[in-house]
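Peer 1: predicted model, plus sequence, below.
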Amino acid sequence: MLDRLLFLFAEGFRNLLRHKLTVFAAVFSVFMTMIIIGSLLIIGKNTNKLIFYLRSKYKIEVFFDNDLPKRDALNLVEDIGSIEGVRNTTFINKENATRIFEKQFGESILDYINSNPLPMSCVVNVNRTGDFELDIFPIVKEINLLQGVNNVEHQGKLIQRIESYHNRFTKLFFISSIIIIAITIGIIYNTIKLTIYAKKDLIQDLHIIGATNTFVKVPFLIEGVLQGLIGSSIAFVALSIALKIGNSLISQFASMTIRMDPAAASVMLVIGVLISFIGSFLSVSRFLP
Amino acid sequence: MENVTFSYEKGYGIKNVNFTIDDSEFTFLIGPTGSGKTTIMKLIYMSLFPQSGVVTTGKFSSDKIKKRKIPFLRRKIGMIFQDYHLLQDRNLYENIALPLYVVGTRHSDISERVEAVIDQVGLTGKEEHLPDELSGGEQQRACIARALVKEPEIILADEPTGNLDPITSFELLKLLESVNHEGTSVLMASHNYNLIKGRGHRIMEIQQGILRNN
């Protein structure tokens, strides 16, 4: 049994060497597919990181009416803190507002105006648990309804736009991956079909000397899987080199690095092998019934 | 074969054929081209199935056999063809070893058995040669070796001397007879009566699909 398995594996390997041109076409297709899918995976993963970063910086600034007594402002902060989706609040009194102003602009506003015009305010941090799109508009709406709130500042629209682009990109990634995978399966299918035609004498002879269908089919499946493995491995190496070069270029003007997730690398290999297996399985099932 | 009839779409085939081949028997099947010799061979190794009647090969019967069992029937049969059917991208050794991998022989036993049959058919020293590098007679000997290596119960030789000169044909016939002496049944189809006459074996004659003389 083991000897037979070894023989079938050896046949699969030999097939790769015997049909160099068709094998090259199949390996190149898998390589191109995995370069595209791998790039999309890397872009997707790094975009996700950016989105998480933006979400972590997400905050709402609430400015109270200028004539609101401090005790009422503190009550308002407490009310805001109890709104669903609010993680915590930080109250900023008039004195702290002056200090923040001075920190940001380098001069104290009291040097120009006798009385402090800055209102009391509070910074609201929202809950960020889970990998979901943030929607702060219900919170903003509820805050706006509170008596004593003068103005609510937030980056909701900007972040909403980024999230929407991110969603669109994810959908595009998914659809284009499906299309590319389907095309590659078709190419592998045809490569194996050509190999089967080229080896029709061998197949006929194998059947005549008593080979079972499984015995005849397995080398073709192994050949297909090997094509996938080789194509996706080369794509992985090429992407790693490209990332290394890209990162060294980026490092000259930014402190950011683009990384390839080890999981993404495994996904690439698995997808490459799976695509080739499906392509060769369909072909073998169709042409070697 | 019991009352076997088979016809192709174009109308050729065999009609109501009956015969039995005993163990260790050497039988010639003669008839002109298109008379039905190859059809009989194909019916025996169940590449074709009769439209009526029954073909029984060993313990396998054409009316009962399941498709997945056909490979096991063929492992009991050694096939030899006029056009050799050797794999051009493998050397002599690999061609002969192939049936043993198919039946699942242990790797350590394969070498010994292949060398033995190569010696039996007189091709020692040509193990590394590709089929293209062998003469017609040597290629046909290689086919016999490939048939013999799995120790079949019967050898079906379909016009094995069709592409060979008279001397090589005679040598090949003697080789098949020596195989038969060791206990393997042989059914050899030929249209060359001069080659087979006077050999002391049973001769079946087929014409236009009908067995005339058994």
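Peer 2: Nice, I can see it.

Peer 1: count of neighbours near residue 115?
Peer 2: This is for chain A. 7 (other Cβ atoms under 10 Å in any protein chain shown). Just so you know, the C-beta spots here come from the backbone N, C-alpha and C atoms, and that holds for glycine as well.

Peer 1: nope, chain B please
Peer 2: B:Glu115: 14 surrounding residues under other Cβ under 10 Å.

Peer 1: quick one: contacts for it?
Peer 2: Listed by Cβ atoms under 8 Å, 6 or more residues apart in numbering or on different chains, the contact set of B:Glu115 reads B:Thr124, B:Glu127.

Peer 1: separation between the closest residue to B:Ile154 other than its chain neighbours and chain A?
Peer 2: In this structure, B:Ile154 finds its nearest non-sequential neighbour in B:Ser185, 4.2 Å apart by Cβ to Cβ, 6 or more residues apart in numbering or on different chains. Distance, B:Ser185 to chain A, using Cβ to the nearest Cβ, to the nearest Å: 17 Å.

Peer 1: in contact with residue 77, which residues?
Peer 2: Picking chain A for this. Taking Cβ under 8 Å, 6+ apart, we find A:Val77 in contact with A:Thr89, A:Phe91, A:Cys122.

Peer 1: let me rephrase: I mean chain B.
Peer 2: Applying Cβ under 8 Å, 6+ apart, the residues near B:Ile77 are A:Gly210, B:Ile44, B:Tyr45, B:Thr57, B:Pro152, B:Glu153, B:Ile154, B:Ile155, B:Leu156.

Peer 1: show me where chain B has strands.
Peer 2: Under the criterion DSSP state E, chain B contains strands at B:2-7, B:13-17, B:26-30, B:52-54, B:56-57, B:60-61, B:77-81, B:154-158, B:185-190, B:202-207, B:210-213.

Peer 1: which of these has the lowest average pLDDT?
Peer 2: Mean pLDDT is lowest for strand B:210-213 among the strands of chain B, at a mean of 85.

Peer 1: now for the residue in the stretch 51-200 of chain A positioned nearest to chain B, how many residues are close by?
Peer 2: Here the residue of the stretch 51-200 of chain A nearest chain B is A:Lys199; by Cβ to the nearest Cβ that distance is 9.1 Å. Counted with other Cβ under 10 Å, the neighbours of A:Lys199 add up to 20.

Peer 1: show me the contacts for it.
Peer 2: Applying Cβ under 8 Å, 6+ apart, the residues near A:Lys199 are A:Asn15.

Peer 1: now it: phi and psi?
Peer 2: phi -110, psi 20 (degrees, to the nearest 10).

Peer 1: do the same with A:Val62
Peer 2: Main-chain torsions, A:Val62, degrees, to the nearest 10: phi -110, psi 120.

Peer 1: my read: it touches A:Leu145, true?
Peer 2: No. Counting by Cβ atoms under 8 Å, A:Val62 stays clear of A:Leu145, with 11.9 Å between them.

Peer 1: neighbour-wise, which of these two wins?
Peer 2: The neighbour count for A:Val62 versus A:Leu145, taken as other Cβ under 10 Å, is higher for A:Val62 (28 against 8).

Peer 1: check contacts around the more buried one.
Peer 2: Contacts of A:Val62 by Cβ under 8 Å, 6+ apart are A:Leu76, A:Ile80, A:Ser121, A:Cys122, A:Val123, A:Val124, A:Ile143, A:Val149, A:Asn151, A:Val152, A:Glu153.

Peer 1: what do you get if the cut-off is 7 Å, keeping everything else the same?
Peer 2: A:Ile80, A:Ser121, A:Cys122, A:Val124, A:Ile143, A:Val149, A:Val152 (Cβ atoms under 7 Å, 6 or more residues apart in numbering or on different chains).

Peer 1: quickly list what it is bridged to.
Peer 2: A:Cys122, A:Val152 (DSSP bridges).

Peer 1: look up how far chain B lies from the spatially closest residue to A:Phe277 that is not a sequence neighbour.
Peer 2: Leaving aside its chain neighbours, A:Phe277 sits nearest to A:Val225 (5.3 Å; criterion: Cβ to Cβ, 6+ apart). Noted for A:Val225: a distance of 20 Å to chain B, by Cβ to the nearest Cβ.

Peer 1: that older thread, so which of the contacts of A:Val77 is surrounded by the most neighbours?
Peer 2: Neighbour counts for the contacts of A:Val77 peak at A:Cys122, which has 23 neighbours (criterion: other Cβ under 10 Å).

Peer 1: how close does A:Leu288 sit to A:Lys193?
Peer 2: Relative to A:Lys193, A:Leu288 is positioned 10 Å away (Cβ to Cβ, to the nearest Å).

Peer 1: of the two, which one has the most company?
Peer 2: Between A:Leu288 and A:Lys193, A:Lys193 has the larger neighbour count (other Cβ under 10 Å), namely 19 against 15.

Peer 1: which SSE is the more buried one in?
Peer 2: Counting by DSSP states H and E, the element that carries A:Lys193 is helix A:156-198.

Peer 1: please state the offset of that helix from the chain centre?
Peer 2: Offset of helix A:156-198 from its chain centre (Cα atoms, centre = their mean, to the nearest Å): 13 Å.

Peer 1: one step back: would TSV of the contacts of B:Ile77 with distance to B:Glu127 be doable?
Peer 2: Listed next are these as TSV, based on distance: Cβ to Cβ, whole Å:
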residue	distance to B:Glu127
A:Gly210	23
B:Ile44	31
B:Tyr45	28
B:Thr57	32
B:Pro152	22
B:Glu153	27
B:Ile154	27
B:Ile155	22
B:Leu156	26
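
Peer 1: before we move on, back to that, checking my notes, the residue nearest to A:Phe277 in a helix, right?
Peer 2: Yes. According to DSSP: H, G, I helix; E, B strand; the rest coil, A:Val225 belongs to a helix.

Peer 1: what about it, how many residues nearby?
Peer 2: Neighbours of A:Val225 using other Cβ under 10 Å come to 18.

Peer 1: roughly how far does it sit from A:Ala198?
Peer 2: For A:Val225, the distance to A:Ala198 equals 19 Å [Cβ to Cβ].

Peer 1: what comes up buried for the longest helix along chain B?
Peer 2: The residue-count maximum for a helix in chain B (DSSP state H) belongs to helix B:166-181. For helix B:166-181, a neighbour-count test (16 or more other Cβ atoms under 10 Å in any protein chain shown) marks B:Thr168, B:Ser169, B:Glu171, B:Leu172, B:Leu173, B:Leu175, B:Leu176, B:Val179, B:Asn180 as buried.
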